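Student: Next come a sequence and a model predicted from it.
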Amino acid sequence: MIAIILSVPEHQFEWVDITNPKQEDFTELKKKYGLKDVSIKDCLEVGHLPKIEEFDNYHFLILRAIPPILKAESDKLPEITERVSIFYSENFIVTVHRNEIEFLEKIKSKDKNDKKLASSKSLVNSLVSEALWTFEKLALDQLATKLDYYEEIVFLHRRRKLFLKKLYYIKRQIDVIRIVLTLYKDIVDYFHMPQYQNIYTQDLRDLFTRTNTLYRNTGENIAQLLSVYFNIESNHTNEIMRTLTIISVFFMPLTFIVGVYGMNFRNMPELEWYYGYPAVLLAMVGLSALIYFWFKRKDWL
């Protein structure tokens with residue numbers, strides 16, 4: 001569906017927005033704005049990462065943003081991010097997306113005299129900033145809260161089986177987002193070139209630096225949390241093995257005694273001794289007590 005958001009001569013440039021694009025949607029736009037087939041093909045394909053390309057009469061830009069609702073078990077690029085493709089020059093902007101994009105709708109609903117809509121450059125800067133802001137919002141509003149909750153599970157709770165699966169998906173999401181942010185750097189650097197700088201480009205760089213630092217720190221926190229988790233699990237396993245070893249040490253001499261007197265040979269005088277049974281029981285209790293006090297002296301109990 002094609003919608004005209006801004007038009008000339010009411011504004012300095014024309015803004016065309018396309019939702020759920022098809023090849024035929026570009027027939028008129030290709031002639032009107034001189035769009036190249038290669039960028040139209042990239043626009044229609046699924047799965048492209050952020051990039052910016054410069055052509056003779058326009059620029060082609062692909063942005064990735066975090067959707068308002070991110071599924072907990074999403075771990076692929078199309079599931080974690082939503083895409084906006086942008087064709088722009090001084091005289092026009094064409095935005096292309098498959099589904100409704102929240103930050104794009106927010107900009108479209110602004111007053112037509114808003115300074116962010118004053119020129120195509122201002123609008124593109126606003127779109128890039130809003131896309132980057134969705135990453136920062138995810139890190140501050142959702143990931144930070146989840147990590148605090150999982151840290152509590154690791155250190156304060158005993159049942160942690162489901163925790164590992166959930167933490168895996170968060171780790172995968174952050175890995176994908178960090179790849180996307182790495183490619184955003186080229187876009188931010190491009191807009192920071194002298195010929196493209198304006199009052200918004202420094203804010204854009206600051207936002208990118210802040211968001212990139214957030215995700216780097218979050219990734220390191222998850223790695224540390226996983227390391228602590230595996231150390232705790234290893235220590236827990238060692239505690240179980242230690243307990244089983246102590247139990248086996250108690251019963252090994254007792255089992256030996258029982259085995260000896262359970263052989264039932266004829267020439268075993270203790271078997272016919274009147275006090276044989278209580279004497280053996282007393283010896284077993286005494287041996288157990290001796291082992292116990294030895295363990296206590298060694299601080300193994």
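Tutor: Everything's here; your move.

Student: show me where the chain has helices.
Tutor: According to DSSP state H, the chain carries its helices in the segments 27-33, 37-44, 77-80, 102-108, 120-138, 144-156, 161-191, 201-261, 269-272, 276-297.

Student: Which among these is found nearest to L63?
Tutor: helix 120-138 (4.4 Å; CB to CB). Placement of C-beta: from N, CA and C, glycine included.

Student: got the angle between the closest one and helix 201-261?
Tutor: If you take axes from the mean of the first three to the mean of the last three CA atoms, to 10 degrees, helix 120-138 sits at 20 degrees to helix 201-261.

Student: and the angle for helix 120-138 with helix 144-156?
Tutor: 20 degrees.

Student: Buried residues in helix 120-138, which are they?
Tutor: Of all the residues in helix 120-138, those buried under the rule 16 or more other CB atoms under 10 Å are 120-136, 138.

Student: so S39 touches F55, yeah?
Tutor: Yes: with contact defined as CB atoms under 8 Å, S39 counts as touching F55 (6.9 Å).

Student: higher neighbour count, these two?
Tutor: Legend: neighbour count by other CB atoms under 10 Å for S39 and F55, higher for S39 (20 against 14).

Student: ok, now which ones touch the closest residue to the more buried one other than its chain neighbours?
Tutor: Once flanking residues are discounted, S39 sits nearest to F60: 4.1 Å by CB to CB, 6 or more residues apart in numbering. Contacts for F60 (CB atoms under 8 Å, 6 or more residues apart in numbering) come out as 36, 39, 42-43, 52-53, 85-87.

Student: Now list the buried members of the residues you listed.
Tutor: Here, 16+ other CB under 10 Å leaves 36, 39, 43, 52, 85-87 buried among those.

Student: From the residues you listed, pick the one nearest S109.
Tutor: Using CB to CB, these come closest to S109 at I86, 18.2 Å.

Student: R178 versus that closest one, what's the distance?
Tutor: Counting by CB to CB, to the nearest Å, the gap between I86 and R178 amounts to 23 Å.

Student: cool, K137 as well?
Tutor: Distance from K137 to R178, by CB to CB: 16 Å.

Student: Also R266?
Tutor: 80 Å.

Student: Any idea how many residues pack against S227?
Tutor: 10.

Student: from memory L70 sits against Q173, does it?
Tutor: Yes: between L70 and Q173 there is a contact under CB under 8 Å: 7.3 Å.

Student: overlap in contacts of these two?
Tutor: What both L70 and Q173 touch, as defined by CB under 8 Å, 6+ apart, is the set I80.

Student: Which of those two has more residues huddled nearby?
Tutor: Q173 (27 against 15).

Student: For the closest residue to that one other than its chain neighbours, give me its contacts.
Tutor: Nearest in space to Q173, with sequence neighbours left out and distances taken as CB to CB, 6+ apart, is I80 at 5.4 Å. Applying CB under 8 Å, 6+ apart, we find I80 in contact with 66, 70, 74, 173, 176-177.

Student: contacting residues for the residue nearest to N20 when sequence neighbours are not counted?
Tutor: Once flanking residues are discounted, N20 sits nearest to R98: 5.5 Å by CB to CB, 6+ apart. Residues in contact with R98 (CB under 8 Å, 6+ apart) are 19-21, 82-83.

Student: now the end-to-end length of stretch 268-281.
Tutor: End-to-end span of stretch 268-281 (CA to CA, to the nearest Å): 17 Å.

Student: what does the average pLDDT come to for it?
Tutor: Here stretch 268-281 scores 78 as its mean pLDDT.

Student: where does the protein dip in pLDDT?
Tutor: Low-confidence segments of the chain (pLDDT under 70): 157-162, 194-200.

Student: Okay, the residue nearest to S39 and V38: tell me how far apart.
Tutor: 9 Å.

Student: more crowded one of R266 and R178?
Tutor: Counting neighbours by other CB under 10 Å for R266 and for R178 shows that R178 has the greater number, 15 against 5.

Student: Let me see the contact set for the nearest residue to the more buried one once chain neighbours are set aside.
Tutor: Once flanking residues are discounted, R178 sits nearest to Y215: 5.4 Å by CB to CB, 6+ apart. Shown in contact with Y215 (CB under 8 Å, 6+ apart): 135, 139, 174, 177-178, 181.

Student: can you do 10 Å?
Tutor: 135-136, 138-139, 143, 173-175, 177-178, 180-181 (CB atoms under 10 Å, 6 or more residues apart in numbering).
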